[in-house]
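Enquirer: got a predicted model here, sequence first, then my questions.
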Amino acid sequence: MKYKIVNLGSFKDSSPAGIEHSAFVRQYSTYVEERLFLYRNLNVRSLSPKLTFDSLIPKDSKNRNADLFRVLDLLQHAMEELLKSTDKLRRAMVQENKTTLGAFLLLLFDSRALYRLLT
């Protein structure tokens with residue numbers, strides 16, 4: 001069962017500029033939750049492009065196939081939340097905000113590593 005650590009599901013900024021950012025902040029917090037879940041379950045601190053399945057699942061694992069499907073499921077959930085976050089960013093049209101652009105850059109780096117692991 002997943003527990004909410006970063007509970008920003010009801011985040012709402014009522015300032016004129018903040019209204020556009022609110023949806024992105026809510027979705028990005030969901031992605032951060034998925035990353036925390038990856039860390040807790042797989043001890044993955046960062047999604048480096050050099051990350052491999054061999055580093056996530058030991059070769060001498062007794063139930064390697066079940067572990068493989070468990071890891072794939074976790075990575076797939078993280079990728080789905082990442083894609084939802086980028087979609088919210090695109091819809092909000094907040095490209096001039098440096099903080100949001102920084103978050104997008106982190107999403108871009110993570111997407112490359114997740115795509116590499118999932119293909």
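Expert: That came in fine, so what should we check first? Numbering: from 1, shown residues only.
Enquirer: list the contacts for the spatially most central residue of the chain?
Expert: Geometric centre of the chain, nearest residue: Tyr31, 3.8 Å, by CA atoms, centre = their mean. The neighbours of Tyr31, taking CB atoms under 8 Å, 6 or more residues apart in numbering as the test, are Ala78, Glu81, Leu82, Lys84, Ser85, Leu107. C-beta here means a position set from N, CA and C on the backbone, and glycine is covered the same way.
Enquirer: low-confidence ranges in the protein?
Expert: Along the chain, the parts satisfying pLDDT under 70 run over 1-4, 8-9, 11, 17, 19-20, 90-96.
Enquirer: pull out the buried residues from the longest helix along it.
Expert: Longest helix of the chain, by residue count under DSSP state H: helix 64-92. The neighbour-count check on helix 64-92 (16 or more other CB atoms under 10 Å) flags 67, 71, 74-75, 77-79, 81-82, 85-86, 88-89, 92 as buried.
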